[in-house]
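Asker: Quick one, fold the following:
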Amino acid sequence: MITIEASAHIGATHPELSSSGLTRFLNRARVAVGLHGEVDVLLADNSTLRRLNRSFRGKNKPTDVLSFPTPAEIGYAHAGDLAISLEMAARHATTYGHTLRDEVRILLLHGLLHLAGEDHETDDGEMATREAALRRELRLPTTLIERVAKPNRSSLKPNNKARKAVKPRRATQPTKPKPGRSA
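Answerer: All right, here's what the predicted structure looks like:
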């Protein structure tokens with residue numbers, strides 16, 4: 001189920017973010033990723049994502065997507081939950097020259113891969129490779145990991161040094177953050 005939080009007013013002004021259309025994409029992407037079980041998605045504002053990020057990861061800043069995997073014992077019925085900041089999604093869509101709908105879909109795919117156990121922060125590029133293949137299969141523009149690894153020309157300063165890219169973040173099970181894990 002996809003829930004658009006009332007405070008995330010951006011969803012109300014963008015008809016391409018219909019709950020039914022995003023749910024159809026979510027189900028296609030879930031099958032492509034190989035996830036069993038339902039996934040609930042919250043589309044919210046930056047303050048909600050900041051609160052969730054602080055509560056579950058100990059990071060007091062908003063992020064674009066958070067993934068909350070379900071314990072294995074019930075994973076067959078419910079794969080987990082995702083939370084997406086529509087404010088950040090809108091900013092990324094403008095920066096990368098595609099629609100808000102496509103950006104939300106990119107974030108959904110990225111979050112689903114995390115629910116499936118993938119982690120670009122600790123692997124040797126496997127998640128990036130898989131996300132790129134699924135992006136092509138699902139007809140999506142550039143993925144999150146590719147954008148962080150290879151900023152486009154519009155994200156370069158005049159001196160050609162890349163601006164600090166916003167790295168996608170993943171929430172783990174509701175536990176205290178691991179000490180020493182870099183942001």
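
Asker: Share the number of residues neighbouring residue 129, please.
Answerer: Neighbour count of residue 129, defined by other Cβ atoms under 10 Å: 12. For glycine as for every other residue, the C-beta is placed from the backbone atoms N, C-alpha and C.

Asker: Could you check how far it is from residue 118?
Answerer: Residue 129 sits 10 Å away from residue 118, going by Cβ to Cβ, to the nearest Å.

Asker: low-confidence ranges in the chain?
Answerer: Across the chain, the ranges flagged by pLDDT under 70 are 1-15, 142-183.

Asker: if we go to 50?
Answerer: In the predicted model of the chain, residues 11, 151-183 satisfy pLDDT under 50.

Asker: Sketch out the helices for it, chain order is fine.
Answerer: 19-33, 46-57, 86-96, 100-115, 126-137, 144-149 (DSSP state H).

Asker: wait, what's in contact with the nearest residue to residue 103 once chain neighbours are set aside?
Answerer: What sits nearest to residue 103 in space, not counting adjacent residues and going by Cβ to Cβ, 6 or more residues apart in numbering, is residue 93, at 4.0 Å. Residues near residue 93 by Cβ atoms under 8 Å, 6 or more residues apart in numbering: 99-100, 102-103.

Asker: Specify which member of those is nearest to residue 39.
Answerer: Nearest to residue 39 among the contacts of residue 93 is residue 103, at 18.0 Å by Cβ to Cβ.

Asker: Could you tell me which residues make contact with the closest one?
Answerer: 89-90, 92-93, 96.

Asker: Distance of it relative to residue 60?
Answerer: Relative to residue 60, residue 103 is positioned 24 Å away (Cβ to Cβ).
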